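**Q** structure for the following, please:
(one chain, ligands or ions: 1)
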Amino acid sequence: MSLKRIKLYHCPLTRSARVKWLLHELLDADFEVERVVLYEGQQYAPDFLAKNPNHNVPVLELETEDGSVTTMLESGAMLAMLADAYPEKALAPPPHPATRGRALYLHMLHFATTWMDMMLWQIRCQTHLVHESERDPHTLQRYRKKLEREVEPQLVRQLSRTPFIAGERFTAADCAMGHNAEWARAYGLCQSDEVGRYLERLQVRPAYQKAFADRDDMSVAPPVAEGFPGFPG
Ligand SMILES: N[C@@H](CCC(=O)N[C@@H](CS)C(=O)NCC(=O)O)C(=O)O
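**A** Numbering: from 1, shown residues only. Have a look, this model is predicted:
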């Protein structure tokens, strides 16, 4: 499908930054971004809920030449879709013929956006998002330990073999894993030198710098204020 217009609903530093980063890699600034201020509860506005009943970002709208709009709601699927839509940018190993490189790329993209993401989300919810009265220290410790003892060693092993998470070249999987590594470090995890050097390699990329230029507009901890709707809703 040939894409005429791309629009991303985005909140700085959150999972939508993965997609904004890849869009900058692919298209520089040739796409639209609409800010959704999660801490003000804008994801619960009726117009937004009509686009995404899960009340979260990213939301990606893809308009094709015939004017029809397809809406996507999962960051991992968006990364895979966009990287494959611009094969000339070579940010994903091609699907045909099947290669070990493609298998590693898909593995890392999905590992980052499902298994590792699930642990990071539990850690974030139990540290910052759910009301203090609902926090469960056992859940927090369980996922911190799993991330530290099971997940990080897999990252370190791969990064000791290749500079990027799916091989010698930067791919869309790095937009997910790089975002996750920064997220983990914000919670005191993934502190190893291998992950630190990996992030340095990512942070010099112009597209990374454009994607995260808005980072100061979002705090890791939500504001303690009347009206904050609370997460997860
Ligand atoms: N599976 C979704 C999860 C998206 C998600 O949970 N986004 C968070 C920010 S990182 C959000 O918008 N939360 C607001 C809410 O749940 O109300 C994806 O990866 O795209």
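
**Q** rest of the way, CA atoms for contacts and neighbours
**A** Noted.

**Q** in stretch 192-203, what's buried?
**A** For stretch 192-203, a neighbour-count test (16 or more other C-alpha atoms under 10 Å) marks 194-195, 198-199, 202 as buried.

**Q** helices - which of these land there?
**A** Using DSSP state H, 194-195, 198-199, 202 are the members of the buried residues of stretch 192-203 that sit in helices.

**Q** pipe these into JSON lines and attach distance to residue 43 and pLDDT per row.
**A** Formatted as JSON lines, those follow (distance: C-alpha to C-alpha, whole Å; pLDDT from 0 to 100):
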{"residue": "194", "distance to residue 43": "36", "pLDDT": "98"}
{"residue": "195", "distance to residue 43": "32", "pLDDT": "98"}
{"residue": "198", "distance to residue 43": "33", "pLDDT": "98"}
{"residue": "199", "distance to residue 43": "30", "pLDDT": "98"}
{"residue": "202", "distance to residue 43": "30", "pLDDT": "98"}
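
**Q** out of the residues you listed, the closest to residue 168 would be?
**A** Using C-alpha to C-alpha, residue 198 is the member of those that sits closest to residue 168, with 12.1 Å.

**Q** was I right to think the closest one contacts residue 162?
**A** No - between residue 198 and residue 162 there is no contact under C-alpha atoms under 8 Å: 9.8 Å.

**Q** output the ones in helices among the buried residues of stretch 192-203 as a markdown table; include the columns distance to the ligand.
**A** A markdown table is the format used below for those (distance: C-alpha to the nearest ligand atom, whole Å):
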| residue | distance to the ligand |
| --- | --- |
| 194 | 25 |
| 195 | 21 |
| 198 | 22 |
| 199 | 19 |
| 202 | 20 |
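
**Q** any idea which helix is longest in this structure?
**A** The longest helix of the chain (DSSP H) is helix 172-186.

**Q** could you list the buried residues of that one?
**A** 172-184.

**Q** in space, what's closest to whatever residue of the chain ends up closest to the ligand - neighbours in sequence excluded?
**A** Closest to the ligand within the chain is residue 56: 3.1 Å, counting by C-alpha to the nearest ligand atom. Spatial nearest neighbour of residue 56, chain neighbours left out: residue 43 (6.1 Å); criterion: C-alpha to C-alpha, 6 or more residues apart in numbering.

**Q** next up, the contacts around residue 178.
**A** 198-199, 202 (C-alpha atoms under 8 Å, 6 or more residues apart in numbering).

**Q** next: residue 110.
**A** So residue 110 contacts residue 76 (C-alpha under 8 Å, 6+ apart).

**Q** ok, now how distant is it from residue 70?
**A** 22 Å (C-alpha to C-alpha, to the nearest Å).

**Q** same check on residue 92?
**A** 22 Å.

**Q** between the two, tell me which one has more neighbours.
**A** residue 92 (26 against 11; other C-alpha atoms under 10 Å).

**Q** hmm, the more buried one is touching residue 174, no?
**A** No - assessed by C-alpha under 8 Å, residue 92 is found out of contact with residue 174, at 10.3 Å.

**Q** domain parsing for this structure?
**A** The chain breaks down by automatic domain parsing into domains covering 3-92+213-217, 100-205.

**Q** could I get these in a markdown table, plus columns for distance to residue 224?
**A** Shown next, in a markdown table, are the domains of the chain (distance: least, C-alpha to C-alpha, whole Å):
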| stretch | distance to residue 224 |
| --- | --- |
| domain 3-92+213-217 | 10 |
| domain 100-205 | 10 |
